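Trainee: just coords:
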């Protein structure tokens, strides 16, 4: 159970995935919570949990997203790695894989491949249900178990950003934020999808993971907030959440066959991250309405002109938000009456966030704070 999404834009390709995985039954009466506060619905013998990293490197210029049977999918990646080079055609590589797997197995899996090189950007889809027919994707593609309007919304958002000529470096954080917001308005765990989303940007200058990001989940009046911090390190994703009051690390079974070794290398660095929760990107997600406000700083920070974060410990924190930003975050959505989805998406720099907030409020019928 998975949701992965890929898109092409200019000379780059982007891959995104959730982190849900089918785990064992819950222990006791306390429901399992993902990092974003989604409560799992327990089945007869298992429940959907959070903990799978479904994005994996194939080469220095190529990444893959996996869905379906994870064990077989990772085995396929492991078998292709020794054959991979930047000059081999993706269909040729997949032809080798198709000839080496059991095509009669009922445990199906599929991939999205993203590559950027001298021949431009490439996005491919391949599945064990049609192993001889890899498909070149020209715009967007989704794989996994999510077939509801959320998959359509991801494509709609990607097309909107593409039409608006968004900066390439902003596409990664914007799409990740929008997809992360889906679970706040619908119980995706019932579809086997949820948890912290992660993403990679495969471009001409190399591979870039989602930058350190603080998600502030809030109600419309800002009377309730929760903080979720996401850090990508050495092909792994670490998450600190006030929802669960714990820290979690997601690894994959290929690059991290010895999790203890990775932990020993990164433990001190991650402890510093969790103690401060400094982030380059701040995303304010409204869970009562479709609002996504993104603020990007030049470096990872805890203090910006529009807000200041202090970590207290044990899942507690103090977040001071400037009155202008508070008014923007609490401003109601406007239904234009044209059938479009009432939503608000903004992306501003930290140094311009208050100026943007003032302009936004000045253009609306509201009273600016003194």
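Mentor: Received the coordinates, thanks. For clarity, every value in this text was computed on a predicted model and none was experimentally measured.

Trainee: now do residue 184, the pLDDT please.
Mentor: As summarised for this prediction, residue 184 has a pLDDT of 80.

Trainee: please disregard the earlier target; I meant residue 193.
Mentor: Note for residue 193: predicted pLDDT of 77.

Trainee: before we move on, what about residue 24?
Mentor: pLDDT recorded at residue 24 is 59.

Trainee: do the same with residue 27
Mentor: 55.

Trainee: could you do residue 235 as well?
Mentor: pLDDT at residue 235 comes out at 87.

Trainee: which non-adjacent residue is nearest it?
Mentor: The shortest distance from residue 235 to any residue other than its chain neighbours is 4.8 Å, reached at residue 255 (C-beta to C-beta, 6 or more residues apart in numbering). C-beta: built from backbone N, CA, C; applies to glycine.

Trainee: show me where the chain has its helices.
Mentor: Secondary structure of the chain (DSSP state H): helices located at 70-80, 90-98, 149-163, 168-185, 259-276, 323-330, 353-362.

Trainee: pick the most deeply packed of those helices.
Mentor: Of those, the one with the most neighbours on average (mean count of other C-beta atoms under 10 Å) is helix 168-185, at a mean of 21.

Trainee: centre of the chain to that helix, how far?
Mentor: How far helix 168-185 lies from its chain's middle: 6 Å, per C-alpha atoms, centre = their mean, to the nearest Å.

Trainee: elements contacting it?
Mentor: strand 3-9, strand 12-17, helix 149-163, strand 198-203, strand 213-218, strand 279-286, strand 291-301, strand 344-349 (3 or more C-beta pairs under 8 Å, 6 or more residues apart in numbering; DSSP states H and E).

Trainee: 6 Å instead?
Mentor: Applying 3 or more C-beta pairs under 6 Å, 6 or more residues apart in numbering; DSSP states H and E, we find helix 168-185 packed against strand 12-17, helix 149-163, strand 198-203, strand 279-286, strand 291-301.

Trainee: the longest one: how far from the chain's middle?
Mentor: Okay, so that is helix 149-163. In this view, helix 149-163 has its centroid 15 Å away from the chain centroid, taken as C-alpha atoms, centre = their mean.

Trainee: which helices and strands sit right next to that helix?
Mentor: Right, helix 149-163 is packed against strand 3-9, strand 140-144, helix 168-185 by 3+ C-beta pairs under 6 Å, 6+ apart.

Trainee: can I get those in JSON lines with distance to residue 274?
Mentor: Converted to JSON lines, the helices and strands packed on helix 149-163 look like this (distance: least, C-beta to C-beta, whole Å):
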{"stretch": "strand 3-9", "distance to residue 274": "27"}
{"stretch": "strand 140-144", "distance to residue 274": "29"}
{"stretch": "helix 168-185", "distance to residue 274": "19"}
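
Trainee: out of the helices of the chain, flag the one nearest residue 22.
Mentor: For residue 22, the closest of these is helix 70-80, at 9.7 Å, according to C-beta to C-beta.

Trainee: packing partners of that closest one?
Mentor: helix 90-98.

Trainee: what about the stretch 151-300 of the chain, any weak spots by pLDDT?
Mentor: Scanning the stretch 151-300 of the chain for pLDDT under 70 picks out the ranges 186-187, 189-190, 192, 257.

Trainee: may I see the buried residues of stretch 119-135?
Mentor: Going by neighbour count (16 or more other C-beta atoms under 10 Å), the buried part of stretch 119-135 is 121-128, 134.

Trainee: whoops, I mixed them up, stretch 208-225
Mentor: Across stretch 208-225, burial judged by 16+ other C-beta under 10 Å covers 208-218, 220, 222.

Trainee: show me the contact partners of it.
Mentor: For stretch 208-225, the surrounding residues in contact (C-beta atoms under 6 Å, 6 or more residues apart in numbering) are 176, 198-201, 226, 228-232, 279-285, 287-288, 300, 319, 326, 330.

Trainee: end-to-end on that stretch?
Mentor: 29 Å (C-alpha to C-alpha, to the nearest Å).

Trainee: may I see the buried residues of stretch 208-225 organised as a markdown table, with distance to residue 99 added?
Mentor: Shown next, in a markdown table, are these (distance: C-beta to C-beta, whole Å):
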| residue | distance to residue 99 |
| --- | --- |
| 208 | 33 |
| 209 | 32 |
| 210 | 35 |
| 211 | 39 |
| 212 | 42 |
| 213 | 41 |
| 214 | 46 |
| 215 | 43 |
| 216 | 49 |
| 217 | 47 |
| 218 | 52 |
| 220 | 56 |
| 222 | 57 |
